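Q: Quick one, what's the 3D model for this:
(2 chains)
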Amino acid sequence: MNQEKMVTVVGMLVLASVLLAGCALPERYRLPVKHPPIYELGERREFCTKCHGFKKQPIDFERYNHTLLFTDSHRLVAYQDQRVCALCHEQSFCNDCHVTHTELKPSLKNETENYRRMQHRGEYLSRHRIDGRLDPTSCFRCHGNPQSAQTCAGATCHGN
Amino acid sequence: MRLSRGVFHICTLAAGLLSLPAVGGAVDLGITSDTIVRHLERDDRNGISRSLLPAYEFFRFDYGKLRTPGLSLHAYGWGRVNLEDNYYNHTTAGELLYAYLEYLDPARDYQLRLGRQYIFEGVTKESIDGVYGKTDLIPSVTVSAYSGFPVNLDDTNGRSGDLIAGCRVAQGIPGYYDIAVSYKNVRNDGKADEELLGTDVTLMLPGNITVLGHSTRNLLTGGWGEHSYELRVPFRSFEVRPFYQHYEYDSFLNKNAGGSSPFRFLATSGDEMTVVGSEAFWYPVESIEVGARYKHYEYDPRFGRSNMYTVLATVRRQIFSEVGAEFGRVEGDLSENRYYYGRAYIYADFRRLFVTGDVVYARYDEAIYRKDGALFASVGLGGKVLDPSFKLKFSVDYSDDPYFDKDYRGTLVASYSFGN
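A: Sure, this is the predicted structure:
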């Protein structure tokens, strides 16, 4: 059996097991469409546990606490359920960074929102030479496709 | 080109928009507009000074059932026009970032989206023109799937033969675990561009300890692209988050049309990278946060070992005002890969007005273009004008660095928000 077939078979088995197991377990919690409006939630860096406490059900609120380094590490939770992010953030909020094509880096588009610790604040051109050499995977996440890499080609540096 | 396609999308969705009131119930309207005008001076290659005045508009439109289940329309895009000399390569530019109709079932059992949209889910972080659905109908299981055209490949020989499709199946019990399998398949001009299979998991262990992470397998290369796992260990007012990440470039990066040129040569390099380290947080009182991070990189075989150290802290006053500081050191094997980094900022809120200040300084162990440091400073002032939904923000920044010599730039932002 070649690798492709094996992956397909294993995938189908996993899927069937998940669905069978799922039928025997309680229903998932249904998230509301939006979080009730409090202050300027969605603009500020907030800790969900401040109001919701450390309960693990129906949502593990602690998982979504916006720590000082949340901008750097939120992908692990964001990819698991985008609906939790959408409670407070419109898709346009994510588009400050996650975008097919933009010309303003997030810290320039929102220059006075300095409390958000956005990527590449200040003079980043010279630092990116070093960061990019040491860890190109971190650049690839946002600049890894032909359109988002137009910023890299901007001054004919990394021509497309 | 993209703008005209955007107009087409908006016209298509406008048809859906017109039908919204007929679906029943009250509808909401939300409009957000950010007009950003920047001023900066640049010397071109012939040494001639150019005065640049690009004006940007970021416009968002939401209509329909925005806070309750039902049908709604969402659109967002940006455009730029140069008011003086050319900035970037063209006089105008723009992009429709999303425009989709969304339907959420009254029992919230399923949701559907149609149009241009972003998918952030499992192995997928893509913009598509297509359809997306998600359902919780099977108890404890969430299934989602999408299909359409990949927006990132628009300019690669047109759309003929382009396709993106994927799905994610997650099963979990709140408070115990969540485990999911996801899949993505991208085709460009009829050829396989990317095919990923991934898993993501969250386990909640005794003592409030959480394990979360994901792994991605590249089905085109037959290798693992990424393993990223993190442990979260809270203890009273402390939390430690050790992590492990491993990347195989041949399988993590995309060497096909869907990848980008800065990374294409790396995608065939056979390089691997392992990152280990930890984040740590301390919350002595509610208004103070202290954080630290250590990252150790093993980049075999190109740049060897390197370390990154970061410490940072913020102090909040009331709800909106805060000051913060950050200090970091990047220490590569070679002196050209080492620098110190420091940042301090203030955001002071006075009811209708706010004042901001920022200083960022980097010092390089080895000079870049004969400069061994980079200083950036910014001050801003803003506030609500006449109406609480209208804000004006003005900022001036200064940079003296290897690329720009005593560079001043100004930015004026007019923000309007209705119904949000």
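
Q: Every contact and neighbour count from this point should use C-alpha atoms.
A: Fine.

Q: what residues are up against A:Asp135?
A: By C-alpha atoms under 8 Å, 6 or more residues apart in numbering or on different chains, the residues touching A:Asp135 are B:273, B:297, B:299.

Q: Those residues, buried ones only, as a ChimeraX selection?
A: Buried subset of the contacts of A:Asp135, written as a ChimeraX selection, criterion 16 or more other C-alpha atoms under 10 Å in any protein chain shown:
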select /B:273,297,299
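
Q: could you dump the contacts of A:Asp135 to TSV with distance to chain A, pLDDT and secondary structure?
A: Below are these laid out as TSV (distance: C-alpha to the nearest C-alpha, whole Å; pLDDT from 0 to 100; DSSP: H, G, I helix; E, B strand; the rest coil):
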residue	distance to chain A	pLDDT	secondary structure
B:Met273	8	94	strand
B:Tyr297	7	95	strand
B:Tyr299	7	87	strand
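
Q: Dump the contacts of A:Asp135 to a markdown table, plus distance to B:Ser147.
A: Below are those laid out as a markdown table (distance: C-alpha to C-alpha, whole Å):
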| residue | distance to B:Ser147 |
| --- | --- |
| B:Met273 | 32 |
| B:Tyr297 | 37 |
| B:Tyr299 | 36 |
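
Q: where does the chain dip in pLDDT?
A: No chain specified, so I'll use chain A. A:1-4, A:7-8, A:15, A:18-19, A:21-23, A:39-43, A:154-156, A:159-160 (pLDDT under 70).

Q: right idea, wrong chain: chain B
A: B:1-25, B:44-46, B:88-89, B:301, B:420.

Q: If we use 80, what do you get?
A: Counting by pLDDT under 80, the ranges of chain B that qualify are B:1-26, B:42-49, B:85-90, B:154-158, B:300-303, B:420.

Q: and the gap between B:Tyr63 and B:Ala99?
A: According to C-alpha to C-alpha, to the nearest Å, B:Tyr63 and B:Ala99 sit 11 Å apart.

Q: Give the intersection of the neighbour lists for these two.
A: B:73-74.

Q: So those two - more neighbours on which side?
A: Between B:Tyr63 and B:Ala99, B:Ala99 has the larger neighbour count (other C-alpha atoms under 10 Å in any protein chain shown), namely 27 against 20.

Q: State the helix or strand in which the more buried one lies.
A: Per DSSP states H and E, B:Ala99 falls inside strand B:92-104.

Q: Please write out the alpha-carbon positions of the next helix-or-strand element following that strand in CSV.
A: Following strand B:92-104 in sequence order, the next helix or strand is strand B:110-121 (DSSP H and E). The C-alpha trace of strand B:110-121 is given here as CSV (Å, rounded to 0.1, in the frame of the first residue of the first chain):
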residue,chain,number,x,y,z
TYR,B,110,-24.4,25.5,11.8
GLN,B,111,-23.1,28.5,9.9
LEU,B,112,-22.5,29.1,6.2
ARG,B,113,-20.5,31.8,4.5
LEU,B,114,-20.4,32.7,0.8
GLY,B,115,-17.9,35.1,-0.9
ARG,B,116,-14.4,36.3,-0.3
GLN,B,117,-13.3,35.4,3.2
TYR,B,118,-10.4,34.4,5.4
ILE,B,119,-10.2,30.9,6.8
PHE,B,120,-8.2,30.5,10.0
GLU,B,121,-8.5,26.9,11.0
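
Q: In this structure B:Trp215 contacts B:Thr199, no?
A: Trp isn't right for residue B:215; it's Ser. Yes: using C-alpha atoms under 8 Å, B:Ser215 is in contact with B:Thr199, at 5.4 Å.

Q: what sits against the residue lying closest to B:Arg317 once chain neighbours are set aside?
A: Leaving aside its chain neighbours, B:Arg317 sits nearest to B:Ser287 (6.8 Å; criterion: C-alpha to C-alpha, 6 or more residues apart in numbering or on different chains). Taking C-alpha under 8 Å, 6+ apart, we find B:Ser287 in contact with B:315-317.

Q: same thing with B:Leu40?
A: By C-alpha under 8 Å, 6+ apart, B:Leu40 lies in contact with B:51-53, B:408-410.

Q: Could you rerun that using 10 Å?
A: B:50-54, B:87, B:397, B:407-411 (C-alpha atoms under 10 Å, 6 or more residues apart in numbering or on different chains).

Q: Let's see which of these end up in strands.
A: B:50-52, B:54, B:397, B:407-411 (DSSP state E).

Q: Farthest-apart pair in these, please.
A: Using C-alpha to C-alpha, the ones in strands among the contacts of B:Leu40 span at most 18.0 Å, a distance reached by B:Arg50 and B:Asp397.

Q: my guess is B:Leu220 meets B:Ala192, correct?
A: Yes: taking C-alpha atoms under 10 Å as the definition, B:Leu220 is a contact partner of B:Ala192 at 8.0 Å.

Q: and the residue lying closest to B:Gly79 once chain neighbours are set aside, how many neighbours does it have?
A: Among residues not flanking B:Gly79 along the chain, B:Gly94 sits closest, at 3.9 Å (C-alpha to C-alpha, 6+ apart). As a burial measure, B:Gly94 scores 20 neighbours (other C-alpha under 10 Å).

Q: what touches both of B:Ser215 and B:Thr199?
A: Both B:Ser215 and B:Thr199 are contacted by B:122-123, B:181, B:227, under the criterion C-alpha under 10 Å, 6+ apart.

Q: Pull up the gap between the closest residue to B:Leu53 other than its chain neighbours and chain A, please.
A: Nearest in space to B:Leu53, with sequence neighbours left out and distances taken as C-alpha to C-alpha, 6+ apart, is B:His39 at 4.8 Å. Distance of B:His39 to chain A, computed by C-alpha to the nearest C-alpha, to the nearest Å: 12 Å.

Q: give the contact list for the residue most central in space within chain A.
A: Averaging the C-alpha coordinates of chain A gives a centre point, and the residue nearest to it by C-alpha atoms, centre = their mean is A:Arg75 (3.9 Å). A:Arg75 sits next to B:120-122, B:213 when contact means C-alpha under 10 Å, 6+ apart.

Q: and it, backbone torsions?
A: When read as degrees, to the nearest 10, the backbone of A:Arg75 gives phi -60, psi -40.

Q: Name the helix or strand for B:Ala145, please.
A: Element membership of B:Ala145, judged by DSSP H and E, is strand B:141-150.

Q: I should have written A:Ile130 there, sorry.
A: Assigned by DSSP H and E, A:Ile130 belongs to helix A:125-134.
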